[in-house]
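Chemist: Sequence and predicted structure below; questions after.
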Amino acid sequence: MSISIIGAGAFGTALAVALAQNGPVTLWARDADHVREMQKTGRNSQRLAGVALPENVSVTAEIGRALAPDVILLAIPMQQTAGFLEQHRTALAGKLLVSCSKGIDLATLRGPTALIEEICPKATPAILTGPSFAADIARGLPTALTLACANGEAGSALQAQLSTPVLRLYRSTDPKGAELGGALKNVIAIAAGVVIGAGLGDSARAALITRGFAEMTRLAERFGGKAETLAGLSGLGDLVLTCTSEQSRNFRFGATLGRGEIFDPSITVEGAATAKAVSAIALKHAIEMPIAHMVSALVDQKITVDAAVSALMSRPLKEE
């Protein structure tokens with residue numbers, strides 16, 4: 001059975017390369033010139049340099065062709081997801097839609113599976129998330145991810161279809177916990193980058209990761225996610241990876257903030273938008289999330305790095 005991947009960014013391209021081991025893959029990109037370049041060179045040099053596309057990866061800009069398969073992976077930025085679903089809701093009816101985005105929609109404060117449920121109620125939503133970098137997946141390095149779908153039968157079918165010898169998927173029926181883990185870890189990764197960029201050291205980063213994980217779990221449980229999901233690949237696993245590697249865009253963005261430098265505006269940093277959404281949710285529901293609030297304020301330039309660190313360090317001492 002063929003699959004389609006919407007979005008030819010680094011992660012979408014990497015998934016296409018990996019999943020081509022299992023059968024034909026259609027990779028859709030919006031830009032026709034970008035598509036022609038990939039078709040000509042057999043590579044996506046703009047997004048994932050140095051990786052050749054397998055012969056059974058078919059690159060297209062024709063959306064009708066891309067939406068034909070029953071299984072469609074949505075590898076587009078979180079803030080573009082709602083618009084895409086709205087535009088193509090008729091064609092997406094009855095499909096298995098697997099979101100590969102990590103974030104929260106700023107307009108609705110919803111995660112990807114909730115958006116799918118609301119906009120495309122006749123589709124079956126799932127989310128693929130966890131500790132992974134596009135370059136590692138494309139190179140065939142061992143990677144483990146969470147495949148979360150409330151429909152157990154559909155989840156099992158997707159797990160079988162999307163797993164490869166080196167891409168190992170663990171099934172979950174808790175998409176809420178999985179998507180919140182993937183979204184919230186980006187916010188903490190920005191904070192971890194700020195800590196390192198500001199020269200505060202690895203000990204401070206370890207403390208921040210620990211307290212950040214507590215914030216992630218607190219919010220996820222409040223909205224129906226399971227603590228054990230957050231303690232798995234889609235939460236703690238992804239958190240550790242993105243808070244400790246320069247490959248993480250969110251970590252690099254935070255490190256740039258910590259050094260007082262300007263980050264490349266052409267690079268999508270999902271955690272920046274997510275921090276704003278999470279801060280709004282936490283305030284509305286009286287959920288204690290001081291790190292998320294500080295990251296949101298830093299992103300909006302409402303507070304300096306020194307002031308943010310001082311505010312966090314001056315919080316009341318209490319039991320862990």
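Modeler: Thanks, I have it. Model, not experiment: these values are computed from the prediction.
Chemist: next one: stretch 263-281 to chain centre, how far?
Modeler: With Cα atoms, centre = their mean, to the nearest Å as the basis, stretch 263-281 stands 12 Å off its chain's centre.
Chemist: One more: stretch 218-232?
Modeler: Using Cα atoms, centre = their mean, the offset of stretch 218-232 from its chain centre is 17 Å.
Chemist: Let's see it as CSV, backbone CA atoms only.
Modeler: What follows is stretch 218-232 as a C-alpha-only set of coordinates in CSV (Å, rounded to 0.1, in the frame of the first residue of the first chain):
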residue,chain,number,x,y,z
ARG,A,218,1.4,18.9,34.8
LEU,A,219,-0.2,20.4,31.8
ALA,A,220,-0.6,17.2,29.9
GLU,A,221,-2.4,15.5,32.8
ARG,A,222,-4.7,18.5,33.2
PHE,A,223,-6.0,18.0,29.6
GLY,A,224,-6.3,14.2,29.7
GLY,A,225,-2.8,13.0,28.8
LYS,A,226,-1.3,10.2,30.7
ALA,A,227,1.8,10.6,32.9
GLU,A,228,3.2,7.3,31.5
THR,A,229,3.0,8.7,28.0
LEU,A,230,5.0,11.8,29.0
ALA,A,231,7.6,9.5,30.6
GLY,A,232,8.0,7.7,27.3
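Chemist: what element comes up after the longest helix seen in the chain heading to the C-terminus?
Modeler: Longest helix in the chain, counting residues (DSSP state H): helix 175-197. Moving toward the C-terminus from helix 175-197, the next helix or strand (DSSP states H and E) is helix 202-222.
Chemist: Which parts of this protein are strands?
Modeler: 3-6, 25-28, 57-60, 71-74, 96-99, 124-129, 143-148, 167-172 (DSSP state E).
Chemist: Just put these in CSV and tack on distance to Phe223.
Modeler: Placement of C-beta: from N, CA and C, glycine included. Below are the strands of the chain laid out as CSV (distance: least, Cβ to Cβ, whole Å):
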stretch, distance to Phe223
strand 3-6, 26
strand 25-28, 31
strand 57-60, 37
strand 71-74, 21
strand 96-99, 17
strand 124-129, 15
strand 143-148, 14
strand 167-172, 16
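Chemist: Val299 and Val278 touch, don't they?
Modeler: No - with contact defined as Cβ atoms under 8 Å, Val299 does not reach Val278; the gap is 11.2 Å.
Chemist: quick one: which of those two has more around it?
Modeler: Val278 (29 against 22; other Cβ atoms under 10 Å).
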